[in-house]
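> Give me coordinates for this.
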Amino acid sequence: MGYRGYGRVSAYLREKRTSPRPVTVQPPAPRVVTRWILSRPETLTQIEQLRLKAVLANCPELDALTGHVRSFARMLTERQGERLPQWLDAVRQDDLPSLHTLAAGIDRDLDAVIAGLTLPWSSGVVEGHVNRIKMLKRQMFGRPVSRCSASESCWLTDRIQMHAIASPHGCLHGERRRGGMVR
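Have a look, this model is predicted:
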């Protein structure tokens with residue numbers, strides 16, 4: 001009872017396992033291709049350049065994107081902000097919706113972007129301090145803040161504790177607002 005052809009199936013599989021498989025090159029991971037596109041072409045090894053060329057030959061959209069990314073990088077590193085309007089026009093001519101969104105965002109404040117790409121001044125130090133302050137704020141979120149020394153009693157802390165004990169719902173106001181939210 002049951003299927004009696006297991007010997008045929010195993011012989012067929014054994015034959016397939018011993019026959020040589022065609023050698024295929026596994027395509028590179030998207031992260032690797034992204035690194036190749038964002039790197040300066042002269043820093044890539046010859047093998048990386050050949051593999052990137054093969055990937056770009058199979059995908060015309062990615063080839064166009066690579067040209068725009070590298071052109072923008074040149075504009076950024078060589079402080080050529082005056083070329084930005086031509087770059088935006090070239091981006092709009094290709095069918096790359098994500099770059100169209102970027103171009104629309106740049107258009108909203110074109111003068112500031114051109115100045116940022118052209119002028120030698122940078123607000124990087126200020127932005128770094130703002131980033132550091134935000135990180136510290138995130139780290140301190142939810143921690144209790146006590147401005148009282150251990151020896152003196154803080155009337156505000158005592159008052160908050162009294163309200164929390166007296167409140168049936170555990171909120172500071174002693175009442176429950178709409179949707180369980182306390183204002």
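> So for stretch 48-59, mean pLDDT?
Stretch 48-59 shows an average pLDDT of 93 in the prediction.
> host element of residue 85?
Remark: residue 85 resides in helix 84-93, with elements defined by DSSP states H and E.
> Please name every helix or strand in contact with that helix.
helix 60-77, helix 97-108, helix 110-118 (3 or more Cβ pairs under 8 Å, 6 or more residues apart in numbering; DSSP states H and E). Backbone N, C-alpha and C define where each C-beta goes, glycine included.
> name the helices or strands packed onto the second one?
Read that as helix 97-108. Applying 3+ Cβ pairs under 8 Å, 6+ apart, we find helix 97-108 packed against helix 84-93.
> can you pull the buried residues of the helix it packs on?
Buried residues in helix 84-93, counting neighbours by 16 or more other Cβ atoms under 10 Å, are found at 84, 87, 88, 90, 91.
> and those as JSON lines, adding distance to residue 131 and pLDDT?
As requested, the buried residues of helix 84-93 are arranged in JSON lines below (distance: Cβ to Cβ, whole Å; pLDDT from 0 to 100):
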{"residue": "84", "distance to residue 131": "26", "pLDDT": "95"}
{"residue": "87", "distance to residue 131": "28", "pLDDT": "95"}
{"residue": "88", "distance to residue 131": "28", "pLDDT": "95"}
{"residue": "90", "distance to residue 131": "33", "pLDDT": "94"}
{"residue": "91", "distance to residue 131": "29", "pLDDT": "94"}
